[in-house]
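>>> Fold the following and give me the result.
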Amino acid sequence: MSELSDEPTLKEINALKRQLNWGEIPAIYQMASIAVGDIDGILSHGFDSAYKQLLNKERWNLSLLGGRKDQNGQITVDEKPQIMLKHVFNETHFELHCFPVIHDGYVNSIVKNNPQCPFIEWIPERMQILFRLSNFLNFIVYAIQKGDHADIALIKFAYLKVQSLIVYLQQYFTVVEVKGRSIAHIYAELEKRYATNSTDNLYTIPLNREH
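Numbers count the residues shown, from 1 in each chain. Below is the predicted model of the structure:
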């Protein structure tokens, strides 16, 4: 297998990486692949991630949202909780942060039993960082400078996975704003800075450019 399908799975990308490297997978790729895999399975993980906490309607302020439980314990609401999302890159990691909206403002501190907060309690240390791609900035630079098709495909997969998770959140929340530079933006910026002739034949990430 030397080519990938239009929508490859992580398993297919990893198989291509092994093929291109004669069975050897560089440590920097392996770390990135594991981190992306954690995002790929975030809704099926058994542990109570921040992402799952956000989707747990038992944690929502039903009085504010016009919520109710039926006889089977299913919760419905008249109004979706309002949140803001932010792409965050630091020196090494990529993260997606979430902030509840209160009075048209974004909350970045502990809030408990506030009748205007869409959640019963909001604890940033446990709930703000929805997921993290560790050392992903270094991996993007590596992929641009001396990577292969599998490296670029993994970056594209990560970008599309994050976008799909945001779309999934929009089914349950009113996402009033998505701030920050996405993986695609960072890739484009770093490609201008680090690209050499060796990257001319690599796949290009399709960009949905925010402003």
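>>> Now do the helix or strand harbouring residue 30: which elements does it pack against?
Applying DSSP states H and E as the criterion places residue 30 in helix 27-40. Under the contact definition 3 or more CB pairs under 8 Å, 6 or more residues apart in numbering; DSSP states H and E, helix 27-40 sits against helix 10-20, strand 129-133, helix 136-146, helix 149-172. Yep, even glycine has a C-beta here, placed from its N, CA and C like the rest.
>>> helix or strand right after that helix?
Once helix 27-40 ends, the next helix or strand along the chain (criterion: DSSP H and E) is helix 50-55.
>>> Phi and psi next, for the nearest residue to residue 20 once chain neighbours are set aside.
Among residues not flanking residue 20 along the chain, residue 148 sits closest, at 5.0 Å (CB to CB, 6 or more residues apart in numbering). For residue 148, the backbone dihedrals (degrees, to the nearest 10) come out as phi -120, psi -170.
>>> can you offset everything so residue one is 2?
Renumbered: residue one is now 2, and that last one reads residue 149.
>>> in the chain, what spans have low per-residue confidence?
2-3, 47-48, 197-212 (pLDDT under 70).
>>> count of neighbours near residue 101?
Using other CB atoms under 10 Å, residue 101 has 25 neighbouring residues.
>>> if we look at the helix holding residue 31, which residues are touching it?
Contacts of helix 28-41 with the rest of the structure, by CB atoms under 8 Å, 6 or more residues apart in numbering, involve 11, 14-15, 18, 26, 46, 132-137, 139-140, 143, 151-152, 155, 158-159, 162-163, 166.
>>> Show the contacting residues for the most centrally placed residue in the chain.
Nearest residue to the geometric centre of the chain (CA atoms, centre = their mean): residue 163, 3.5 Å. Contacts for residue 163 (CB under 8 Å, 6+ apart) come out as 40, 88, 97, 183, 184.
>>> Closest one to residue 79 out of those residues, please.
Among the contacts of residue 163, residue 97 lies closest to residue 79 (CB to CB), at 27.1 Å.
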